[in-house]
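# need a structure here:
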Amino acid sequence: MGTVFSFDLRDPVTPPVRRALEAAVAWLHQVDEVFSTYRPGSVISRLGRGEPVPEGYGPEVAEVFALCEEVAHATSGWFTRTPGGRLDPSGMVKGWAVERVSRTLYAAGAHNACVNGGGDIQARGEAAPGTPWRIGIAHPTRPGKLAAVVTGGELAVATSGTGERGAHVLDPHTGRPATGLLSLTMTGRHLTRTDAYATAAFAMGAGARDWVEALEGHEALGITAAGEIWRTPGFPAAAWAGP
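Next up is the predicted model:
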């Protein structure tokens, strides 16, 4: 998926947890082989070229495509699995993969854990007894600085922006890069939808704030192209750089 995954486990790494972690890493490599747009031989790349694909990959691809359609409907088309006319469900896959891995680890006994896929995070439990997780949100124009610190326990955090990859999120209605925001961080309970919603909200630009405020169970912090910072009323920040 063109990024790094990491696991921060705060419970003892028992044999079941170790086995679950090994299985999670193996599954993530499989996900990369299926969904990576960086691999010419991946299932997604082959589907995008209209080529036949091996049997056995249908259910997970169908699940991701169905989720993409649900979010496309929920966002009035601001999210799509075909940005710029090219098959690319990456805006769904990473959050979906991180959330599934988090559930696998939790079932094995890792109840206090944080799974990070390229900055998109699913946190569970606590960082330490009585201490919530603290997740820094990088500022897109101030290297090494944070725009906010998000705190919480059962929490998903996803950021879309231009800070690392430039203007790579496309406005699905025009096919051109979205430029209204520099960064959009979304919080929620489950990363699958939180990640996809962050992509959609970033593409919305100036309309993102009103849309998120009307969205149940999610909050957001945005940084505009002019450098102004806004957040929705329930954004779970311990500290932030806005007024």
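
# most centrally placed residue in this structure?
Closest to where the C-alpha atoms of the chain average out (CA atoms, centre = their mean) is Asp195, at 3.2 Å.

# isn't that residue up against Ala158?
Yes. Shown here, Asp195 and Ala158 form a contact pair, counting by CB atoms under 8 Å, at 4.0 Å. Where you see a C-beta, it was placed from the backbone N, CA and C, and this is true even at glycine.

# where do the contact lists of those two overlap?
Residues touching both Asp195 and Ala158 (CB atoms under 8 Å, 6 or more residues apart in numbering): Gly95, Asp120, Met186.

# pLDDT score assigned to the second one?
As summarised for this prediction, Asp120 has a pLDDT of 94.

# and if you look at the first one?
On the pLDDT scale, Gly95 is placed at 97.

# which residues are in contact with it?
Neighbour list for Gly95: Gly117, Asp120, Ala156, Ala158, Leu191, Thr192, Arg193, Thr194, Asp195, Ala196 [criterion: CB under 8 Å, 6+ apart].

# which ones are touching Trp211?
Thr75, Ala201, Met204.

# out of those, who's the most crowded?
Within those, most neighbours by other CB atoms under 10 Å means Ala201, with 28 neighbours.

# just the pLDDT at the closest residue to that one other than its chain neighbours, thanks.
Among residues not flanking Ala201 along the chain, Ala208 sits closest, at 4.1 Å (CB to CB, 6 or more residues apart in numbering). pLDDT for Ala208: 96.

# tell me which helix or strand the closest residue to Leu184 other than its chain neighbours sits in.
Once flanking residues are discounted, Leu184 sits nearest to Phe202: 4.1 Å by CB to CB, 6+ apart. Counting by DSSP states H and E, the element that carries Phe202 is helix 191-204.

# so how far is that helix from its chain's centroid?
7 Å (CA atoms, centre = their mean, to the nearest Å).

# just send the shared contacts of Asp195 and Ala158 back as JSON lines, with secondary structure too.
Below are the shared contacts of Asp195 and Ala158 laid out as JSON lines (DSSP: H, G, I helix; E, B strand; the rest coil):
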{"residue": "Gly95", "secondary structure": "helix"}
{"residue": "Asp120", "secondary structure": "strand"}
{"residue": "Met186", "secondary structure": "strand"}
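
# re the thing from before, for the contacts of Trp211, which one is nearest Ile223?
Ala201 (12.3 Å; CB to CB).

# ok, back up a step: now the contacts of Trp211 as a markdown table including pLDDT and distance to Glu213?
Formatted as a markdown table, the contacts of Trp211 follow (pLDDT from 0 to 100; distance: CB to CB, whole Å):
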| residue | pLDDT | distance to Glu213 |
| --- | --- | --- |
| Thr75 | 97 | 14 |
| Ala201 | 97 | 11 |
| Met204 | 95 | 12 |
